[in-house]
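> Quick one: sequence plus predicted model below, questions after.
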Amino acid sequence: MKRRFVLAATAATVLIAGGATTAVAVTTTAVAVTTDAGPGSPQSGAQASAPLAATAGADGADGREESGDAQKAAGAKTGAAQAAVAAVRAVPGTVTEIELDEDRGALVWEADVLGRDGAWHGLTLDALTTRVLHSHVDRDTSGAHGQDRARAALRGTTVGAADAARAVGQRRGTVTSVDFEDDPAKAVWEVETVTRDGREHTYLVDPRTAAVSAAPADDDHADHDGAGDHDGADD
């Protein structure tokens, strides 16, 4: 309910002489203010600025808008490593990608599994319990080339998606996605995290040694040979 009220500001010049008070100039200015106030709400300057305060509250302390990944990470009760393990229990094979997402208002982990049966499987897992909510098989035979390439890149690797998530560790934030980049020149796990201040970070994990490096700052998807702070696995 909108209420309208008037604030009166009065400026007066007063001359005091011989004990007598004489007002020589009086100016009154009426200022109209419109606020959205419910019944019984206090009508004050603070109330009028409430909508602005609510808008500012959507941003971080330094004015950055909180990222969607930060909000999701705060609501998830299970981690990427747990979800990856649950995915391969449901479908034996290799998790090639897992990502924290939202499905019809609920937080879920979306996983891609290259199954031992030779097919791509897509799984949706509850982000609170890692229970499998939905799974399907990709029947598109055009993906056969991608399967062969992924298998070739995975051959000889010892670090899986769950291992890559653990290698990055909690010190670097909450893992929101793990993706296997099957570049023929140098395969790598790309792990994305979000920290409490809302910042998103990308790390590269070696699929054979679990060594961790920061992705190039200018382009997270650029040449994976970029310099980084190699410090090995944390967990």
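Okay, I see it. Numbers count the residues shown, from 1 in each chain.
> Check whether residue 110 really touches residue 127, as I assumed.
No: the criterion here is Cβ atoms under 8 Å, and residue 110 misses it with residue 127 at 9.9 Å. In short, each C-beta sits where N, CA and C put it, glycine included.
> Settle it for me: which of those two has more neighbours?
The neighbour comparison of residue 110 against residue 127 (other Cβ atoms under 10 Å) goes to residue 127, with 26 against 20.
> For residue 105, what are phi and psi?
The phi and psi values for residue 105, taken as degrees, to the nearest 10, are phi 80, psi 0.
> Show me the helices in the protein, by range?
In the chain, the helices defined using DSSP state H lie at 45-48, 50-56, 68-75, 80-90, 144-154, 161-168.
> By mean pLDDT, show me the worst of those helices.
Per-stretch mean pLDDT for these is lowest at helix 50-56 (a mean of 28).
> ok, residue 81 - contacts?
161-163, 165-166, 175 (Cβ atoms under 8 Å, 6 or more residues apart in numbering).
> coming back round to it: would TSV of the helices of the chain with distance to residue 183 be doable?
Shown next, in TSV, are these (distance: least, Cβ to Cβ, whole Å):
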stretch	distance to residue 183
helix 45-48	57
helix 50-56	43
helix 68-75	24
helix 80-90	21
helix 144-154	8
helix 161-168	15
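> most tightly surrounded among those helices?
Mean neighbour count (mean count of other Cβ atoms under 10 Å) peaks for helix 161-168 among the helices of the chain, with a mean of 25.
> helices and strands around that one, which ones?
helix 80-90, strand 93-103, strand 174-181, strand 188-194, strand 200-205 (3 or more Cβ pairs under 8 Å, 6 or more residues apart in numbering; DSSP states H and E).
> Output the lowest mean pLDDT helix or strand found in the protein.
helix 50-56 (a mean of 28; mean pLDDT, DSSP states H and E).
> how's the chain carved up into domains?
Domain ranges of the chain: 2-56, 70-214, per automatic domain parsing.
> Just say which of the ones you listed is most tucked in.
domain 70-214 (a mean of 18).
> Give me the distance between the two termini of that domain.
Length of domain 70-214, first residue to last, Cα to Cα, to the nearest Å: 19 Å.
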